[in-house]
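Asker: Here is a sequence together with a model predicted from it:
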Amino acid sequence: MNNKPNERFRAGRMTCALFENEVEVAGQPCRVLQAALARRYRDRWGYWKSEFEFTREDIPLAIHVLKRAFARMTDRQIDDEIAWAVERAASEPLRQSAKSPAA
């Protein structure tokens, strides 16, 4: 959809960015969140760089930011499912009970 991440999670040098992409599933457009993990650092000239190989010390930080990203992704999935159910319920007519109220 766009090139900017929706959210970023950071711990030390590790960062995990969430991007929203649109894919087609069974002929229907569907939003999908994807995570990108990188170790960020400045080079000797002061420019920001990304590294995709991690040291032993980076692994716990990577796990931490990935857990946070996963929690956000699952929260969003639940929110999307609730919104879809509300939309579906709003579009369906109310059903009347076959029983009439007691007089």
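Answerer: Nice, I can see it.
Asker: Have a look at this structure and report its longest strand.
Answerer: strand 28-42 (DSSP state E).
Asker: same for that one, what does it pack against?
Answerer: Secondary-structure packing of strand 28-42 (3 or more C-beta pairs under 8 Å, 6 or more residues apart in numbering; DSSP states H and E): strand 14-25, strand 48-51, helix 58-91. Any C-beta I mention is one placed from the backbone N, CA and C, and that applies to glycine too.
Asker: and Arg10, bridged to which residues?
Answerer: In this entry, Arg10 is beta-bridged to Thr15, by DSSP bridges.
Asker: Need the residue closest to the centroid of this protein.
Answerer: Nearest residue to the geometric centre of the chain (C-alpha atoms, centre = their mean): Met73, 3.3 Å.
Asker: hang on, that residue packs against Arg31?
Answerer: No: contact criterion C-beta atoms under 8 Å: Met73 and Arg31 do not qualify, at 11.3 Å.
Asker: Buried deepest among the helices and strands packed on strand 28-42, which one?
Answerer: strand 14-25 (a mean of 15; mean count of other C-beta atoms under 10 Å).
Asker: Could you give the number of residues near the residue lying closest to Asp80 once chain neighbours are set aside?
Answerer: Once flanking residues are discounted, Asp80 sits nearest to Arg31: 7.4 Å by C-beta to C-beta, 6 or more residues apart in numbering. Applying other C-beta atoms under 10 Å, we find 12 residues neighbouring Arg31.
Asker: need the contact list for Arg31.
Answerer: Arg31 makes contacts with Met1, Glu20, Asn21, Glu22, Asp80, as judged by C-beta atoms under 8 Å, 6 or more residues apart in numbering.
Asker: what's in contact with stretch 3-11?
Answerer: The contact list for stretch 3-11, computed with C-beta under 8 Å, 6+ apart, reads 15-20, 33, 36, 61, 64-65, 68-69, 72.
Asker: which two from those end up farthest apart in space?
Answerer: Maximum pairwise distance in these, criterion C-beta to C-beta, is 24.1 Å, between Glu20 and Leu61.
Asker: that's a helix at Gly46, yeah?
Answerer: No: counting by DSSP: H, G, I helix; E, B strand; the rest coil, Gly46 falls outside a helix, being coil.
Asker: Appreciated, that's everything.
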